[in-house]
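In: this one's structure only:
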């Protein structure tokens, strides 16, 4: 009886957990849109509309998908994209946000170099992240340093997180794909291979 209950419970977890994680990600999007639109609607109409964020987010995503899939819409999107990437200040935020979303949502775009582990926030604790680039920092008390940028996403919304810079020899490369790394993070470690090979002190980006 105990084994039967255990199997049923695990089956339920496999159904419930993805739904909860999807809900949390979508709620983040809905609340963001609602936070932008609700004050405007209240100012125009004098009252709030419950659920506006959900309706607006779904409609915006569908509308943008429909528009960008036709020739005219694709050209307009390309024009708007170029305009935003050339506008001072806006281009910094827009370009960075776009690349991050593409890296997280479309793993075949090689924005992230590798899935890595680093000791963070202290020794003995390991955080999973994505190597982004190697940057040479010049000057300072200890001279020039060549460090690896590592983006550590949040769970369950990998569009947010922190960036740390760490010496390459302290980066541990994980032998999994970026897509598998995203699944591992979004699922809170539930969805992961049973065994992951590690490659410490390997050159980032090396096959």
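Out: Ah, there it is. Everything numeric here is computed off the predicted structure, so don't read it as measured data.

In: after the helix or strand residue 165 falls within, which helix or strand is next? Please name it.
Out: Per DSSP states H and E: residue 165 is located in strand 161-167. For strand 161-167, the succeeding helix or strand toward the C-terminus, using DSSP H and E, is strand 172-174.

In: I'd like the next helix or strand past that next one.
Out: helix 178-186.

In: quick one: average pLDDT of that following helix?
Out: In this model, helix 178-186 has an average pLDDT of 83.

In: elements contacting it?
Out: strand 114-119, strand 126-137 (3 or more C-beta pairs under 8 Å, 6 or more residues apart in numbering; DSSP states H and E). Where you see a C-beta, it was placed from the backbone N, CA and C, and this is true even at glycine.

In: domain assignment for the protein?
Out: 2-105, 114-200 (automatic domain parsing).

In: before we move on, back to that, now the strand holding residue 165 and strand 114-119, what's the angle there?
Out: 80 degrees (axes from the mean of the first three to the mean of the last three C-alpha atoms, to 10 degrees).

In: mind listing what strand 161-167 pairs with, with the direction of each?
Out: strand 145-153 (antiparallel) (DSSP bridges).

In: who are the contact partners of residue 166?
Out: Contact analysis of residue 166 by C-beta atoms under 8 Å, 6 or more residues apart in numbering lists 118, 147, 148, 150.

In: so what touches the host helix or strand of residue 64?
Out: Assigned by DSSP H and E, residue 64 belongs to helix 52-68. Helix 52-68 is contacted by residues 26, 29-35, 37-38, 41, 73-74, 76-77 when judged by C-beta under 8 Å, 6+ apart.
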